[in-house]
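**Student:** Generate coordinates for the sequence data below:
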Amino acid sequence: MAFTNRIAFITGAARGIGKAMATDIVTAGGSVVIADIDLAAAEGTVRGLPADRALAVECDVSNVTSVEAAVKIAVAAFGGLDVLINNAALHLMTWNRPVTTLTVDEWRQLMDVNVLGIVNCARACRPYLAQRPGAAVLNISSIAGFESYNAYGVSKLAVRGLTTALAKELAEDGIRVNALAPGAIDSENAMDELPSDLLTDLIQVKQLIKRQGTRADLVQAMRFLCSDTGSFITGETLIVGGGHPLRV
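**Tutor:** Alright, predicted model coming up:
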């Protein structure tokens, strides 16, 4: 059981990829804090998990006060933190737009959530992670961060940069920091919103593995990077995208 007696704080975990990761961590013996701006949805997710190993907290990652309050509630409930998964983000077609088409306020909103949200959570969780052997942080980037052709891609490129910067900074506390860069994954929102021609091009033309990516694919990668199995890896971004994009 890779997460036995370990506690994970997961942002944006009320649904989609974050929910899949939270569910898997509980299955693997751990406890989870479902930290989400939508408290009602977070509570709904918790109702499907063992009551003594799952907690819902309201958390707006762009707001320092909200993050600090959520982390304090989590630590009071479980006694500490072993894993931070920075999953909350603004994404999909609203933000997959040319950089000059976003207003200044939209840019600030995007960066406040996708970039500064990670900084806020890392800062708040660091003292507690530092107390635990094998502590790990996992940031969720995107293959868009390797093909930064729009505003969303730029924000996810910044996540890759944050991952290396935090890996170096938090190493002194024994905390590893890595990232996942998902490709076409079958989360509910992505399947509802992404145009079918875009998905077909990505899967059938660009990917080397010609199938839809699944949340299970990401969960397995998360297990590897957040458990002791990946204890000699830090500062890396792992693409989970069926062979796209390739890099040397």
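
**Student:** those strands in this protein, which residues are they?
**Tutor:** Listed in chain order, the strands of the chain (DSSP state E) span residues 7-11, 31-36, 54-58, 83-86, 136-140, 176-182, 237-240.

**Student:** can you redo these as TSV with mean pLDDT?
**Tutor:** Written out in TSV, the entries for these read as follows (pLDDT from 0 to 100):
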stretch	mean pLDDT
strand 7-11	98
strand 31-36	98
strand 54-58	98
strand 83-86	98
strand 136-140	98
strand 176-182	98
strand 237-240	98
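
**Student:** Pipe these into JSON lines and attach distance to Ala216 per row.
**Tutor:** For glycine as for every other residue, the C-beta is placed from the backbone atoms N, C-alpha and C. Formatted as JSON lines, the entries for the strands of the chain read as follows, by distance: least, CB to CB, whole Å:
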{"stretch": "strand 7-11", "distance to Ala216": "16"}
{"stretch": "strand 31-36", "distance to Ala216": "17"}
{"stretch": "strand 54-58", "distance to Ala216": "20"}
{"stretch": "strand 83-86", "distance to Ala216": "16"}
{"stretch": "strand 136-140", "distance to Ala216": "16"}
{"stretch": "strand 176-182", "distance to Ala216": "12"}
{"stretch": "strand 237-240", "distance to Ala216": "11"}
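
**Student:** Can you add distance to Asp24 and mean neighbour count and give the ones you listed back as TSV?
**Tutor:** Conversion of the strands of the chain to TSV gives the following (distance: least, CB to CB, whole Å; neighbours: other CB atoms under 10 Å):
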stretch	distance to Asp24	mean neighbour count
strand 7-11	10	27
strand 31-36	9	29
strand 54-58	12	22
strand 83-86	11	29
strand 136-140	13	26
strand 176-182	13	25
strand 237-240	14	20
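
**Student:** Of all the ones you listed, which one comes closest to Asn96?
**Tutor:** Of all those, it is strand 176-182 that lies closest to Asn96, at 14.2 Å by CB to CB.

**Student:** Determine the set of other helices and strands touching the closest one.
**Tutor:** Under the contact criterion of 3 or more CB pairs under 8 Å, 6 or more residues apart in numbering; DSSP states H and E, strand 176-182 touches strand 136-140, helix 151-170, helix 215-226, strand 237-240.

**Student:** Hey, what's the angle from the longest one to strand 136-140? Just curious.
**Tutor:** Regarding helix 151-170 and strand 136-140, their directions subtend 170 degrees when assessed with axes from the mean of the first three to the mean of the last three CA atoms, to 10 degrees.

**Student:** could you give the angle of helix 151-170 to strand 176-182?
**Tutor:** Following the same axes, to 10 degrees, one obtains 160 degrees for the angle between helix 151-170 and strand 176-182.
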